[in-house]
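Trainee: model the structure of this input:
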Amino acid sequence: MSTVTDLPNESQTASGGPAPGPVPQQPPRRGDWRGGRIVPFVVAALLGGAAGGAIVAAFGDSGSTKPTTTSAVVTPAAAAVASATPVTAGGTKTIEQIYDAAAPGVVQVNQGNAEGSGFVLDRQGDVVTNAHVVTNGGAVTVSFSNDDRVPARVVGVDNSTDIALLKVTAPASALVPLPLGDSATLQVGDGVVAIGNPFGLDRSATSGIVSALNREITSPNGFGINGVIQTDAAINHGNSGGPLLNMQGQVVGINSQIANSGVDANVGVGFTIPIDTVKQITHDLAASGSISHAYLGVQLTPVDPTIASQANLPVAHGAMIGGVDNGSPAASAGLRPATGTSVIDGTTYGIGGDIITAVDGKPVTSPADVQTAIGALRAGDRISLSVVRADGSKTTISLKAGLQPTTSPSLQSPQP
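Mentor: Sure thing, here's the model as predicted:
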């Protein structure tokens, strides 16, 4: 596995001026557990001139042989949705029809030299974008057509899901809300359209399909974002925060990251935060301006019949604890991390740790089941874990969820 570093800037901006200097290398971050491989990602924000050179931060593992893991803290408990235009399922539209209807609601978001995309939620001036687009310091502006920038107030930012809610003051006639769809209904192979501002080229459309579902990417503060949509619709620097739409013209996600292949451009592997997560987060941000996530402090690896058979595990389904954060609720409760590794079909898995087989009595078949359960908690809530230990003994551990730290502990100390 190659070492992940920041990608270089382009040599110059579109106007011919020199690009900014190189960005310091970022700490290694974890990626996708699916298939037992850690996938490096880069955020799809553009830093530089309005149509200028791209600077990106690398997301992924540094090439160590640590067992593949994933953080189990992501979504909030709120089940409410943003006050955006409700929609009902309609007939399939052409890409031209989707673009004509949606493009007026796609905006350009700028903060200093950072540039990204966003889209209008309602006629009250609510705009959604990625957190990493508006956490670079300085005033934020939003541009509609003809580069008519207006000041934007940052209502709230959630670095754990990479979502930000902005508020602009503009005539209702200038605000074109985009209808929100249901990301839970997506299937691999569904057609999708991305609209954004790649390299400052405003309101550019690309199309493709849903390549995979339920991926996991790493948030700006190092925690996992689960349920992510993978697409081959071209996503480049400057697309961050822009909408991914289904073929009914409904937003099904926010375009956020691209795979780091070693080239500073799209390679057909982009990642989109599902709109169902966006609805939850923007509702909470609108209500209080902040988000509190529950936290156990475990990293998980999958257990399936193939892994269980080859690694001689005591159960065939569940989520093994690959790591436990020091000082976390999981550590205080006595949950045990992996003690070794096993290579299965060319992939390294952690073994010897506790295997979670149920959460509050509900069976666990994968890390995603545990992540979903934790996402439904608030700090202080209790959760009961059915655990099978390495020797085959069974136990039930009850613990109280903590408040998720500002930054993942995996980023606070060097990785071995």
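Trainee: give the contact list for the nearest residue to residue 405 once chain neighbours are set aside.
Mentor: Of all residues not flanking residue 405 in the chain, residue 295 sits nearest, at 6.9 Å (C-beta to C-beta, 6 or more residues apart in numbering). Every C-beta, even on glycine, is put in place using the N, C-alpha and C of the backbone. Listed by C-beta atoms under 8 Å, 6 or more residues apart in numbering, the contact set of residue 295 reads 73, 328, 329, 374, 379, 401, 402, 403, 404, 405.
Trainee: do you know how far residue 295 is from residue 243?
Mentor: Going from residue 295 to residue 243 by C-beta to C-beta, to the nearest Å gives 30 Å.
Trainee: ditto for residue 354
Mentor: Residue 354 is 41 Å from residue 243, by C-beta to C-beta.
Trainee: show me which of those two is the more surrounded one.
Mentor: Applying other C-beta atoms under 10 Å to residue 354 and residue 243 shows that residue 243 carries more neighbours, namely 30 against 24.
Trainee: that one contacts residue 255, correct?
Mentor: Yes. Judged on C-beta atoms under 8 Å, residue 243 makes contact with residue 255 at a distance of 7.3 Å.
Trainee: give me the common contacts of those two.
Mentor: Residues touching both residue 243 and residue 255 (C-beta under 8 Å, 6+ apart) are 194, 196.
Trainee: could you tell me which of the contacts of residue 295 belong to strands?
Mentor: In this view, the contacts of residue 295 that belong to strands under DSSP state E are 402, 403.
Trainee: of the contacts of residue 295, just the buried ones, PyMOL syntax please.
Mentor: For the buried members of the contacts of residue 295, the matching PyMOL selection, counting by 16 or more other C-beta atoms under 10 Å, is:
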select buried, resi 73+328+329+374+401+402+404+405
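Trainee: least confident pick among the contacts of residue 295?
Mentor: Lowest pLDDT of these: residue 73, 33.
Trainee: helix or strand with the lowest mean pLDDT in this structure?
Mentor: The weakest-scoring helix or strand in the chain, judged by mean pLDDT, DSSP states H and E, is strand 58-59 (a mean of 23).
Trainee: list the buried residues in the helix or strand following that strand.
Mentor: Per DSSP states H and E, strand 58-59 leads on to helix 95-102 as the next helix or strand towards the C-terminus. Buried residues in helix 95-102, counting neighbours by 16+ other C-beta under 10 Å, are found at 98, 99, 102.
Trainee: try stretch 189-205
Mentor: Within stretch 189-205, the residues scored as buried using 16+ other C-beta under 10 Å are 191-200, 202-205.
Trainee: out of those residues, name the ones that lie in strands.
Mentor: Among the buried residues of stretch 189-205, the members that lie in strands (by DSSP E) are 191, 192, 193, 194, 195, 196, 204, 205.
Trainee: can you tell me how far the residue lying closest to residue 272 once chain neighbours are set aside is from residue 244?
Mentor: Nearest-residue entry for residue 272: residue 253, 3.6 Å, with adjacent residues in sequence omitted and distances by C-beta to C-beta, 6+ apart. Distance from residue 253 to residue 244, counting by C-beta to C-beta: 4 Å.
Trainee: between the two, which contacts overlap?
Mentor: 229, 272.
Trainee: ok, back up a step: could I get the ones in strands among the buried residues of stretch 189-205 as a markdown table with pLDDT and distance to residue 142?
Mentor: Formatted as a markdown table, these follow (pLDDT from 0 to 100; distance: C-beta to C-beta, whole Å):
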| residue | pLDDT | distance to residue 142 |
| --- | --- | --- |
| 191 | 96 | 29 |
| 192 | 97 | 24 |
| 193 | 97 | 22 |
| 194 | 97 | 19 |
| 195 | 97 | 15 |
| 196 | 95 | 14 |
| 204 | 94 | 17 |
| 205 | 96 | 20 |
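Trainee: which of the residues you listed lies closest to residue 341?
Mentor: In terms of C-beta to C-beta, no member of these lies closer to residue 341 than residue 192, at 37.3 Å.
Trainee: tally up the residues packed near the closest residue to residue 202 other than its chain neighbours, please.
Mentor: Here the nearest residue to residue 202 in space, its sequence neighbours aside, is residue 108; by C-beta to C-beta, 6+ apart that works out to 5.7 Å. Applying other C-beta under 10 Å, we find 26 residues neighbouring residue 108.
Trainee: which one of the buried residues of helix 95-102 is nearest to residue 273?
Mentor: Nearest to residue 273 out of the buried residues of helix 95-102 is residue 102 (C-beta to C-beta; 17.6 Å).
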